[in-house]
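Peer 1: Got a sequence here, can you model it:
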Amino acid sequence: MLIATYFTPSHKDMAERFVLDRWKQAGFDDCISCEVQEQDCPTATFKQPGWNECTADKIAWLSEMPMDSQPVLFVDSDVAVFAGAADMCRRILDTSNDTGEMFFQTDYVQLCTGVMLFRRTPFVLGFLELWSEFCNFTAENDQDGLHLLQSARKAVGKQGHIVSTSAVASDMWANWRGLGNETPWQGEQIDPPRTMTLWHANWCVGVEAKTKMLEQVVATHDARLAG
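Peer 2: Residues are numbered from 1 along each chain as shown. A predicted model of the protein is given here:
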């Protein structure tokens, strides 16, 4: 089981601390990463100038992976992975016979493209290429682009190169919004689900805040696992 991540200079510290330093203890066999040298989004903030271009580049990078049908979990750099994450991915994939299916974290109200699980089949990689091209053409970010493509799939049925999508329960792939919170995190104490195998620091604005959130969640959950 492979894990992959993508990061710009603003998110390098998070990527190293919460993904690159933890993937082995989470049970993955290997890790690949894309470190981008340019900071296209100066504020490193969701939907600010440069954000959409950066997320389209992320999807383009994923589309260039080898077509070997191997499973891969992609996580954004503001995700912390925990023991059992790889086994959870295997169990999720075992529930599906559809090699063109992708699994996403849920933001409670929509799919989140910060955590994605899929097999590197020609169909999925072809969809990733279409997805990145669509984002570049429409100037949308990856998440809004996905939802627009989903709408197109519903309109045309099985026609077109659109994957099947499924959401993973928020007690397994957890985040602040998935706990039922409707406003961004402001430093509150978090009680993460005991069943989770990763935590995504979305619904949290700014690199400094995301880092503090991840530090808090990792300390809490690692202590539970050790106990």
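Peer 1: Report the buried residues of the helix or strand bottoming out on mean pLDDT in the chain.
Peer 2: Every helix and strand in the chain was compared by mean pLDDT, DSSP states H and E; the lowest is helix 142-156, with a mean of 79. Within helix 142-156, the residues scored as buried using 16 or more other C-beta atoms under 10 Å are 142-146, 149-150, 153. Every residue, glycine included, has its C-beta placed from N, CA and C.
Peer 1: Now E140: phi and psi?
Peer 2: For E140, the backbone dihedrals (degrees, to the nearest 10) come out as phi -90, psi 160.
Peer 1: what about it, how many neighbours?
Peer 2: Using other C-beta atoms under 10 Å, E140 has 19 neighbouring residues.
Peer 1: now the least confident helix or strand of the chain, how far from the chain's geometric center?
Peer 2: Distance, stretch centre to chain centre, for helix 142-156: 17 Å (C-alpha atoms, centre = their mean, to the nearest Å).
Peer 1: List the contacts of that helix.
Peer 2: 55-56, 58-59, 110-113, 130-131, 134-135, 138, 140, 160, 162, 165 (C-beta atoms under 8 Å, 6 or more residues apart in numbering).
Peer 1: ok, then the element right after the longest strand along the chain?
Peer 2: What stands out as the longest strand in the chain, according to DSSP state E, is strand 111-119. Downstream of strand 111-119, the first helix or strand assigned by DSSP states H and E is helix 122-138.
Peer 1: now that next one against helix 142-156, angle please.
Peer 2: Using axes from the mean of the first three to the mean of the last three C-alpha atoms, to 10 degrees, the inter-axis angle of helix 122-138 relative to helix 142-156 is 110 degrees.
Peer 1: Which residue, other than its chain neighbours, is closest to D13?
Peer 2: The shortest distance from D13 to any non-neighbouring residue, by C-beta to C-beta, 6 or more residues apart in numbering, is to T211 (7.1 Å).
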